[in-house]
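**Student:** Below is the sequence, then the predicted model.
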Amino acid sequence: MDTQYYDDIIIGGGKAGKTLAPALVADGRQTALVERSLNMIGGSCPNIACIPS
């Protein structure tokens, strides 16, 4: 098993996570974003609840 090292690990791909991760990468930081489901990037509001259909 290979070991990977990160400067930052973001837990959750909600609004803050999906905004913060690219900003950290653009700043040259090795960043991991951990999200349980690829369908939930952006959080529950745009995927389930808040946006009217």
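**Tutor:** Structure's in. What do you need? Numbers count the residues shown, from 1 in each chain.

**Student:** Show the contacting residues for the residue nearest the centre of the chain.
**Tutor:** Geometric centre of the chain, nearest residue: Gly13, 3.3 Å, by C-alpha atoms, centre = their mean. Going by C-beta atoms under 8 Å, 6 or more residues apart in numbering, Gly13 touches Leu33, Val34, Glu35, Met40, Ile41, Gly42, Gly43. To be clear about C-beta, it is placed using only N, CA and C from the backbone, and glycine gets the same treatment.

**Student:** per-residue confidence for Leu33?
**Tutor:** Leu33 carries a pLDDT value of 92.

**Student:** Would you confirm that it belongs to a helix?
**Tutor:** No: with DSSP: H, G, I helix; E, B strand; the rest coil as the criterion, Leu33 is located in strand rather than a helix.

**Student:** Go ahead and confirm it touches Ile10.
**Tutor:** Yes: contact between Leu33 and Ile10 holds when scored by C-beta atoms under 8 Å: they sit 4.8 Å apart.

**Student:** which residues are common contacts for those two?
**Tutor:** Joint contacts of Leu33 and Ile10 (C-beta under 8 Å, 6+ apart) are Gly17, Ala21.

**Student:** hmm, back to that, where does the residue nearest to the centre of the chain land in three-state SS?
**Tutor:** coil.

**Student:** can you give me the strands in the chain?
**Tutor:** Listed in chain order, the strands found in the chain under DSSP state E are 8-11, 31-34.

**Student:** In its sheet, which strands sit next to the last one, and in what direction?
**Tutor:** The strands beside strand 31-34 in its sheet (DSSP bridges) come out as strand 8-11 (parallel).

**Student:** Quick one: mean pLDDT for the partner strand?
**Tutor:** 95.

**Student:** which parts of stretch 1-18 are buried?
**Tutor:** Buried positions in stretch 1-18, judged by neighbour count with 16 or more other C-beta atoms under 10 Å: Ile10, Gly13, Gly14, Gly17, Lys18.

**Student:** Tell me how many other residues surround the spatially closest residue to the second one that is not a sequence neighbour.
**Tutor:** Spatial nearest neighbour of Gly13, chain neighbours left out: Glu35 (3.5 Å); criterion: C-beta to C-beta, 6 or more residues apart in numbering. A count of nearby residues for Glu35, using other C-beta atoms under 10 Å, gives 17.
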